[in-house]
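Chemist: Quick one, structure for this:
(one chain, ligands or ions: 1)
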Amino acid sequence: MITVPKGTKDTLPKDSYKWQYIENTARKTAALFDAKEIRTPTFEHTEVFVRGVGETTDVVNKEMYTFLDKGGRSITLKPEGTAGTIRAFVESGLYASALPVKLYYITDCFRYERPQAGRLRQFRQFGVEFLGSDSCGIDAEVILLAKSFLDGLGVKNLKLHINSIGCKDCRKKYQQALRDFLAEKKDKLCDKCKERYDTNPLRILDCKDEDCKKLLKGAPVILDYICDDCKAHFDGVKELLRAAGVEFTVDTGIVRGLDYYTKTVFEFVSDNIGAQGTVCGGGRYDGLVSEFGGGDIPGVGFAVGIERLLLLLENDGVEIPEPERLTVYVAPIGEAGREKAFKIVSELRKSGIAADTDYMERGIKAQFKYADKINAKFVGVLGDSEAERGVIKLKDMSSGEEKDVPISAILNELKKL
Ligand code: HAM
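Modeler: Numbers count the residues shown, from 1 in each chain. Below you'll find the predicted structure:
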């Protein structure tokens, strides 16, 4: 038997309605904030992510699905949604339209990571990118969008953590402080972090190596190094969140794993789904659009991992509404009934009523069993006696009530119910 590749999953009908529900909720929430959908290709020129996400990040260094296409171009499956969105924003000239431009996407992403609960090699993100405003108000709005989406689904065990990692200038100062702090311990860092020490010391804060983590105890925190402007911006975000009644914790440990962030960064975290507890991550990225040649346009956004969200909903015991049941299963007896049934279900479907009939040549008892299994609301029996009288015997599968309905009146009868 051929199986799915490691780190990927099939979504079967017993679960696909949950995805549809989550994605519909995402679309409705995005619409409440007037965000419009953007769809970008599943693959991009590798350069988009190297430039967008950053050469020294794990995502670019270790986790990308990169290959040469038949034309010899380096292509990468998108590991996240932001870089491609910004590429499209610049390429299509959207930056010249009325700002802010509010975008959202629901997309598959690909990262070559070690699979575990909540960590896959193909996963799905709902993300938003709001472009054009550097106001702290829009940071708060983006956080509120994430929160109203998560609240709308009934998620309970999630905490909001926020931090500011300042602008480029603050970061330079902080990087130096971090290097000074680690200078004497540099030889004890893992090989990767020895490199990071020179190229991008902030990434050391993300290292999973236990020794590196210990060496970082007592390290300076970036919040102590941010400039007055960045501090005022962060204060503004906190104030607006408080005013909106949103609870949060300032967590100086959040630096995020992607290089484009500036100022506000945030995560919604759960301790109810194991090691991969970050369900949503995001923040501001004021230099990214200009990195793609689109001018000095600030941006802020987030992405929620839908697989992690589903894990959380399951562990929180949140029920996702089941899809609409089949309205009527028309059960024919004999060949003549079969043809009539085919016509009736075709007519019903044309009028928007979900209907089905037998194609397995089952006897009437087996058809009732099947209708019960697929959870049909009604079964309409079409036997010889019904055909003679021009009726269909309609049985309500919940109450067991039966009545004869003229075939010409079946549509109106079902519409009433
Ligand atoms: P990220 O933190 O790398 O940020 O990913 C966002 C979310 O995607 C995570 O919180 C997690 O729920 C989910 N996720 C990430 N990797 C995996 C994986 N291997 N398996 C399952 N789920 C995963 C970004 O991607 C940024 N582009 C977010 C953003 C948008 N920032 C600003 N705008």
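Chemist: I'd like the distance between the residue in the chain positioned nearest to the ligand and residue 200.
Modeler: When distances are taken as Cβ to the nearest ligand atom, the chain approaches the ligand most closely through residue 305, which lies 2.3 Å from it. Every residue, glycine included, has its C-beta placed from N, CA and C. Note on residue 305: its distance to residue 200, by Cβ to Cβ, to the nearest Å, is 24 Å.
Chemist: Around the ligand, pick out the residues from the stretch 51-200 of the chain.
Modeler: By Cβ under 6 Å from any ligand atom, the residues of the stretch 51-200 of the chain that approach the ligand are 80-82, 111, 113, 118-120, 123, 125, 127, 129.
Chemist: circling back: which residues are in contact with the residue of the chain closest to the ligand?
Modeler: Shown here is residue 305, whose contacts under the criterion Cβ atoms under 8 Å, 6 or more residues apart in numbering are 118, 123-125, 278-280.
Chemist: redo that, cut-off 7 Å
Modeler: If you count contacts by Cβ atoms under 7 Å, 6 or more residues apart in numbering, residue 305 has them with 123, 125, 279.
Chemist: Could you confirm the last one falls within a strand?
Modeler: Yes. Assignment of residue 279 by DSSP: H, G, I helix; E, B strand; the rest coil places it within a strand.
Chemist: one step back: now that we have the contacts of residue 305, which one has the most neighbours?
Modeler: The most crowded member of these is residue 279, carrying 26 neighbours; neighbours defined as other Cβ atoms under 10 Å.
Chemist: How about that one: what's its closest non-neighbour residue?
Modeler: With sequence-adjacent residues excluded and distances taken as Cβ to Cβ, 6 or more residues apart in numbering, residue 279 is closest to residue 308, at 4.7 Å.
Chemist: And the one you found, how far from residue 133?
Modeler: Counting by Cβ to Cβ, the separation of residue 308 from residue 133 is 29 Å.
Chemist: Settle it for me: which of those two has more neighbours?
Modeler: A direct count of neighbours by other Cβ under 10 Å for residue 308 and residue 133 places residue 308 higher, at 23 against 18.
Chemist: After the lowest-mean-pLDDT helix or strand in the chain, which helix or strand is next?
Modeler: Taking all helices and strands of the chain together, the one with the lowest average confidence (mean pLDDT, DSSP states H and E) is helix 384-389, at a mean of 88. Proceeding C-terminally, helix 384-389 gives way to strand 391-396 as the next helix or strand, assigned by DSSP states H and E.
Chemist: so what strands line up beside the very next helix or strand once past that following strand?
Modeler: If you walk from strand 391-396 toward the C-terminus, the next helix or strand you reach (DSSP H and E) is strand 402-406. Partner strands for strand 402-406, per DSSP bridges, with pairing direction: strand 391-396 (antiparallel).
Chemist: Does residue 22 touch residue 306 like I think?
Modeler: Yes. Checked against Cβ atoms under 7 Å, the pair residue 22 and residue 306 is within contact range at 5.9 Å.
Chemist: Going by neighbour count, which residues in the top helix by length along the chain are buried?
Modeler: In the chain, ranked by residue count with DSSP state H as the criterion, the top helix is helix 13-32. Along helix 13-32, the positions that meet the burial threshold by neighbour count (16 or more other Cβ atoms under 10 Å) are 18-19, 21-22, 25-27, 29-30.
Chemist: Tabulate those residues (TSV), appending pLDDT and distance to the ligand.
Modeler: As requested, those are arranged in TSV below (pLDDT from 0 to 100; distance: Cβ to the nearest ligand atom, whole Å):
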residue	pLDDT	distance to the ligand
18	97	16
19	98	14
21	98	18
22	98	13
25	98	16
26	98	13
27	98	17
29	98	15
30	98	13
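Chemist: Show me how the chain divides into domains.
Modeler: The chain is divided into the following domains under automatic domain parsing: 13-167+226-316, 328-416.
Chemist: Single out the most deeply packed of those.
Modeler: Burial of the domains of the chain is given as mean neighbour count (mean count of other Cβ atoms under 10 Å); domain 13-167+226-316 ranks first at a mean of 19.
Chemist: ranges for the strands of the stretch 151-300 of the chain?
Modeler: Counting by DSSP state E, counting those that start in this stretch, the stretch 151-300 of the chain has strands at residues 159-164, 249-250, 262-269, 278-284, 299-305.
Chemist: Can I get the ones you listed in a markdown table including distance to residue 4 and mean pLDDT?
Modeler: Formatted as a markdown table, the entries for these read as follows, by distance: least, Cβ to Cβ, whole Å; pLDDT from 0 to 100:
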| stretch | distance to residue 4 | mean pLDDT |
| --- | --- | --- |
| strand 159-164 | 33 | 98 |
| strand 249-250 | 38 | 97 |
| strand 262-269 | 29 | 98 |
| strand 278-284 | 24 | 98 |
| strand 299-305 | 19 | 98 |
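Chemist: That's all I had, so thanks and see you.
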